[in-house]
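*Asks:* no sequence on this one, just coordinates:
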């Protein structure tokens, strides 16, 4: 049961991993996972006033429309790996995924009146499978890896009105109504990559990598009525990514580290979910969405001592046409391309041993993430079209400027028992791209206990999150059209987990 009204959920998740060595230099790994969420109520986000008034409240629209989601996800993967005596490595992998989602949204009847509306109930069935293969050559001072990947995804997407006429002729909200969308989507991806490193002068190492990708998206529209024509079509993306780096080692294996620097150029193609809905509210998939491109640079230091390890990195990422949420309303999110973006940040990490089984870990991150150039896009909110303009210098929504983590842990001498106290901190988070509001910063504490029995393979854990039952926004819904940005975090929660792992006997 959830803390907020209309936030109950049931979830069953099962996973298993099987490893088999048919030969001392070969490993076969089979992984299977199943997730079933038959009933997940959605209490929706809260606006600022409702969140201030009752941080465990629920928006009335969630109750009226009975907003909810059902998820069935099953996946299976198989990987074979061969490690040769000379250091070379070969691998082949295949996987298959089945994912079905039904979601009821809080979209008013009037907003579904337009002929191009996709309705207020989403029904998606996805079937995907893929493969990978590669080989890594190892020499005394260099290595080179070549790999290929391919994936196929087929999606049947339907949309229905979230209301239907009752016995008295009046609409009944929160039920599946008339069909408003019916399409079959296909995604085909092919990738090839080459990655290498070369120790060219004593402690100096050069690294380089290149990836070429082709993504083809096609849609067959099966819902063609007056005012909603044939929205079938296809999109093809051909992109490349390149990275270069250099590192210098210092010290020895016990105390030392390395200095490193790298530059790169990358990309992000739209996903089938991001392409599903046009930001202007029109019918069909989002043909105006283009891949995002990024240029990055990083310098840093990693070091280790007898009882301490650390890392420090400074980075800068310049983005163009970044894919961002344009509008989220009633549970449906539409995406658009932003103008230029920039991220500059510092990351610091420390961990070490204190003695008598005690250890610590610290991490801190500071990032300045902003829109560099002003831009605008057209959205439809509550059935009304509007143009949104984002000023240059605005912070990127959903990104905390500062965050941190600290842990003090203990392990028994026989490694059977462990305990830890954790603290996490985060600064304020903008809720939209015009920076009209922000979720306040917060700190929270957790306790963790774990146990393992090496002989039997059984292990378990117990943890208490949000130990002091603090009220804070666990997440924000970026650019929520009704200003219901804030999703309250859970209060104090207790989690128990158990697992078992069997180690195969060595071959004779």
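*Replies:* Okay, I see it. Keep in mind the model is a prediction, meaning the values are calculated, not measured.

*Asks:* quick one: least confident helix or strand in this protein?
*Replies:* strand 375-381 (a mean of 77; mean pLDDT, DSSP states H and E).

*Asks:* buried sites along it?
*Replies:* 375, 377-380 (16 or more other C-beta atoms under 10 Å). Yep, even glycine has a C-beta here, placed from its N, CA and C like the rest.

*Asks:* show residues contacting that strand.
*Replies:* 279-281, 326-327, 329, 334, 336-339, 385-390, 481 (C-beta atoms under 8 Å, 6 or more residues apart in numbering).

*Asks:* on that earlier part again, could you export the buried residues of strand 375-381 as TSV, including distance to residue 454?
*Replies:* Below are the buried residues of strand 375-381 laid out as TSV (distance: C-beta to C-beta, whole Å):
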residue	distance to residue 454
375	57
377	57
378	61
379	57
380	59
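
*Asks:* which of the residues in stretch 472-489 are buried?
*Replies:* 472-473, 476-489.

*Asks:* now do that stretch, average pLDDT.
*Replies:* In this model, stretch 472-489 carries a mean pLDDT of 92.

*Asks:* so where do the strands sit in the stretch 1-150 of the chain?
*Replies:* With DSSP state E, counting those that start in this stretch as the criterion, the stretch 1-150 of the chain has strands at 9-23, 26-41, 68-83, 89-104, 121-138, 142-160.

*Asks:* just for this structure, where's the confidence low?
*Replies:* 281-282, 330-331, 380-383, 502-508 (pLDDT under 70).

*Asks:* switch to 50 and redo it
*Replies:* Of all residues in the chain, those with pLDDT under 50 make up the ranges 507-508.

*Asks:* quick check: longest strand of it.
*Replies:* When the chain is parsed with DSSP state E, its longest strand is strand 179-201.

*Asks:* run the angle between that one and strand 142-160 for me.
*Replies:* 170 degrees (axes from the mean of the first three to the mean of the last three C-alpha atoms, to 10 degrees).

*Asks:* which elements pack onto strand 179-201?
*Replies:* Other elements packing on strand 179-201 under the criterion 3 or more C-beta pairs under 8 Å, 6 or more residues apart in numbering; DSSP states H and E are strand 142-160, strand 204-221.

*Asks:* got a markdown table for the ones you listed, with mean neighbour count and distance to residue 452 too?
*Replies:* Formatted as a markdown table, the helices and strands packed on strand 179-201 follow (neighbours: other C-beta atoms under 10 Å; distance: least, C-beta to C-beta, whole Å):
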| stretch | mean neighbour count | distance to residue 452 |
| --- | --- | --- |
| strand 142-160 | 17 | 34 |
| strand 204-221 | 17 | 37 |
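
*Asks:* spatially central residue for this structure, please.
*Replies:* residue 271 (12.0 Å; C-alpha atoms, centre = their mean).

*Asks:* can you pull out the helices in the stretch 401-508 of the chain?
*Replies:* Counting by DSSP state H, counting those that start in this stretch, one finds no helices in the stretch 401-508 of the chain.

*Asks:* hey, where'd the strands end up in it?
*Replies:* Under DSSP E, counting those that start in this stretch, the stretch 401-508 of the chain gives strands at 402-411, 417-426, 429-430, 438-439, 442-452, 458-465, 473-476, 486-488, 493-500.

*Asks:* winner for burial among those?
*Replies:* strand 429-430 (a mean of 24; mean count of other C-beta atoms under 10 Å).

*Asks:* correct me, but residue 390 touches residue 374?
*Replies:* Yes. In this structure residue 390 lies within contact range of residue 374 using C-beta atoms under 8 Å: 6.3 Å.

*Asks:* what touches both of these two?
*Replies:* Common neighbours of residue 390 and residue 374 (C-beta under 8 Å, 6+ apart) are residue 339.

*Asks:* which one of the two is surrounded by more residues?
*Replies:* More neighbours surround residue 390 than the other of residue 390 and residue 374, with 20 against 13 (other C-beta atoms under 10 Å).

*Asks:* for that one, what are phi and psi?
*Replies:* Main-chain torsions, residue 390, degrees, to the nearest 10: phi -110, psi 120.

*Asks:* just to revisit the earlier point, buried subset of the contacts of strand 375-381 as a ChimeraX selection?
*Replies:* The ChimeraX command for the buried members of those (criterion: 16+ other C-beta under 10 Å) is given here:
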select :279,280,281,326,327,329,334,336,337,338,339,388,390,481
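
*Asks:* show me the contacts of strand 375-381 that map onto strands.
*Replies:* 326-327, 329, 334, 336-337, 385-390.

*Asks:* just the residues you listed now: which is nearest residue 223?
*Replies:* Using C-beta to C-beta, the shortest approach to residue 223 within these belongs to residue 334, at 18.6 Å.

*Asks:* what is the closest one paired to in the beta sheet?
*Replies:* With DSSP bridges applied, residue 334 shows beta-bridge pairing to residue 327.

*Asks:* tell me the contacts of it?
*Replies:* 277-279, 281, 286, 325-328, 379.

*Asks:* any chance of those in a markdown table, plus distance to residue 246?
*Replies:* Formatted as a markdown table, the contacts of residue 334 follow (distance: C-beta to C-beta, whole Å):
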| residue | distance to residue 246 |
| --- | --- |
| 277 | 44 |
| 278 | 44 |
| 279 | 42 |
| 281 | 49 |
| 286 | 40 |
| 325 | 37 |
| 326 | 40 |
| 327 | 43 |
| 328 | 42 |
| 379 | 45 |
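
*Asks:* now render the helices and strands packed on strand 179-201 as a markdown table, adding distance to residue 124.
*Replies:* Output for those, formatted as a markdown table (distance: least, C-beta to C-beta, whole Å):
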| stretch | distance to residue 124 |
| --- | --- |
| strand 142-160 | 5 |
| strand 204-221 | 13 |
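
*Asks:* so which of these gets nearest residue 120?
*Replies:* Of all the helices and strands packed on strand 179-201, strand 142-160 comes closest under C-beta to C-beta, at 7.4 Å.
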